[in-house]
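Enquirer: sequence plus predicted model, see below.
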Amino acid sequence: MTVASQRGDASGSVERYTGGGSSGLADVVEMILDKGLVIDVFVRVSLVGIEILTIDARIVVASVDTFLRFAEATNRLDLYGKGKGGKDLPEMMEGITEGGAKGKTGGVLDAAADKVGELLGGGDDEEEDEEPAEQPRRRPRPRERSRERER
Amino acid sequence: MSPTYVYGLVRADLAVPAGLDGLDGAPVELVAHEGLGALVSAAPTGRPLGTREDLFAHERVVDAVAAEVTVLPMRFGSVIERPAVVDELLAPHLAELDAAIADLDGHVQYSVKGRYEREVVLREVVVADPEIAELRERVHGVPEEASYEDRMRLGELVVGAIEERARRDGGRMHEMLSAQAAASVARPSSDPEQVLDSAFLVPRDRLHEFEHAVDQLGTDLAGTVRFRLIGPVAPYDFVAAAG
């Protein structure tokens, strides 16, 4: 099951990480540092240095940087450049929802399988492709961007 | 002293895959108690944990087992004395751990992330909002220092517009994929261009359908949104915090 990575062209623009430790450090970090079962006993006896690894320090810097960054990106934007996807996204989403979801659902699933538990933390380390860290990561990388987004 | 690293918890009838190695290559064993089992190995001593290899080793063990049976993944860095695996971890929490496994049984997790292609979403935003288009014209060719106020306003509007789109589009994507899942979680994101970051608990007999739904999204939105699919992996986002 963990080798389902090679697929035909159907994958389109979907990039995959299937687990198993071959790539995707950021994905792994997000899963196992930020999530997972914690039982009180461990808090007491964990080895030195572990607690530092848990991700809680979230650096919130004013959104100024984000705004300026996007302003510059907008400024540089070539309005008529390539990559314009004919239809706009809402239209496309519309089509997908109508055409795609039909028949797949089949009502098989019992939605009663409630959310199993509360989430641990709110991991949002989304720089998946970058910087394979060579060193023990002692602390989450500081991010000089806004952390203020709520969804 | 026999510090023991715990990877995850399973039903005790699990046969640990042969040759499954944990941190520092230590063999992974099952410590069983009353129907529950802990996947453990000797913990490295004399150094702090947390190297790249440590992280991968933990994930590899958990997900190798999760490929076959339900695992409650422990958070990285769970180390206790060997006797405490039963006395303090398994025995006192039997009922709740067993219930947690039962809840998740027969399911695996997928995470799906989607990011807008910047050029495309920016273009949409500029075209859709006259104020943005006008500010864009105004800062064009003006040095940053001389157009600071305008740039701040422009950036704020652009970020706001992208976030609004992301909420709407991401909500629909999440909803669509949820149709193939037993449970789902939308993670908070702080990145305006991140349109989707959700975890889905998917029944093992629907993996194909779920992956197909993601592929379909990727194909339909190619050039507009880039997707990343992680899984099947253990249900990291769906375990409760005990204790």
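Expert: Done, it's in. Numbering: from 1, shown residues only, chains lettered A, B, ... in the order given.
Enquirer: alpha carbons only for contacts and neighbour counts from here, please
Expert: OK.
Enquirer: those helices in chain B, which residues are they?
Expert: B:52-66, B:82-84, B:94-104, B:118-128, B:130-139, B:148-178, B:207-220 (DSSP state H).
Enquirer: how far does the second one sit from its chain's centre?
Expert: Taking C-alpha atoms, centre = their mean, to the nearest Å, one finds helix B:82-84 lying 30 Å from the centre of the chain it belongs to.
Enquirer: the fifth one now?
Expert: Relative to its chain's centre, helix B:130-139 lies at 38 Å (C-alpha atoms, centre = their mean).
Enquirer: now do the buried residues in it.
Expert: Buried residues in helix B:130-139, counting neighbours by 16 or more other C-alpha atoms under 10 Å in any protein chain shown, are found at B:132, B:133, B:135, B:136, B:139.
Enquirer: next one: the second one
Expert: By neighbour count with 16+ other C-alpha under 10 Å, helix B:82-84 contains the buried residues residue B:82.
Enquirer: and if you look at the longest one?
Expert: Applying a neighbour-count criterion of 16+ other C-alpha under 10 Å, one finds B:150-163, B:165-167, B:169-170, B:172-174, B:176-178 buried in helix B:148-178.
Enquirer: skip ahead from the worst-scoring helix or strand of chain A on mean pLDDT and say which helix or strand is next.
Expert: With mean pLDDT, DSSP states H and E as the measure, the helix or strand of chain A carrying the lowest mean pLDDT is helix A:50-53 (a mean of 42). Toward the C-terminal end, the helix or strand that comes next after helix A:50-53 (DSSP states H and E) is helix A:64-76.
Enquirer: where in chain A is pLDDT low?
Expert: A:1-13, A:19-23, A:40-62, A:82-151 (pLDDT under 70).
Enquirer: that older thread, and the buried residues of helix B:130-139 near chain A, which?
Expert: The subset of the buried residues of helix B:130-139 within reach of chain A, by C-alpha under 8 Å from any C-alpha of the partner chain, is B:136, B:139.
Enquirer: quick one: the helix or strand encompassing residue A:28 to helix B:52-66, angle?
Expert: Assigned by DSSP H and E, residue A:28 belongs to helix A:25-34. Counting by axes from the mean of the first three to the mean of the last three C-alpha atoms, to 10 degrees, helix A:25-34 lies at 80 degrees to helix B:52-66.
Enquirer: for helix A:25-34, packing partners?
Expert: helix B:52-66 (3 or more C-alpha pairs under 8 Å, 6 or more residues apart in numbering or on different chains; DSSP states H and E).
Enquirer: again, only this time at 10 Å
Expert: Applying 3 or more C-alpha pairs under 10 Å, 6 or more residues apart in numbering or on different chains; DSSP states H and E, one finds that helix A:25-34 makes contact with helix A:50-53, helix B:52-66, strand B:225-233.
Enquirer: I'd like the ones you listed written out as JSON lines, with distance to residue B:144 and mean neighbour count added.
Expert: Shown next, in JSON lines, are the helices and strands packed on helix A:25-34 (distance: least, C-alpha to C-alpha, whole Å; neighbours: other C-alpha atoms under 10 Å in any protein chain shown):
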{"stretch": "helix A:50-53", "distance to residue B:144": "38", "mean neighbour count": "17"}
{"stretch": "helix B:52-66", "distance to residue B:144": "40", "mean neighbour count": "23"}
{"stretch": "strand B:225-233", "distance to residue B:144": "30", "mean neighbour count": "25"}
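Enquirer: how close does residue B:11 get to chain A?
Expert: According to C-alpha to the nearest C-alpha, to the nearest Å, residue B:11 and chain A sit 15 Å apart.
Enquirer: how many residues are close by the closest residue in space to that residue that isn't next to it in sequence?
Expert: Closest residue in space to residue B:11, ignoring its immediate chain neighbours: residue B:36 at 4.6 Å, by C-alpha to C-alpha, 6 or more residues apart in numbering or on different chains. Burial of residue B:36 is recorded as 22 neighbouring residues (other C-alpha atoms under 10 Å in any protein chain shown).
Enquirer: give me the pLDDT for residue B:36.
Expert: Residue B:36 carries a pLDDT value of 96.
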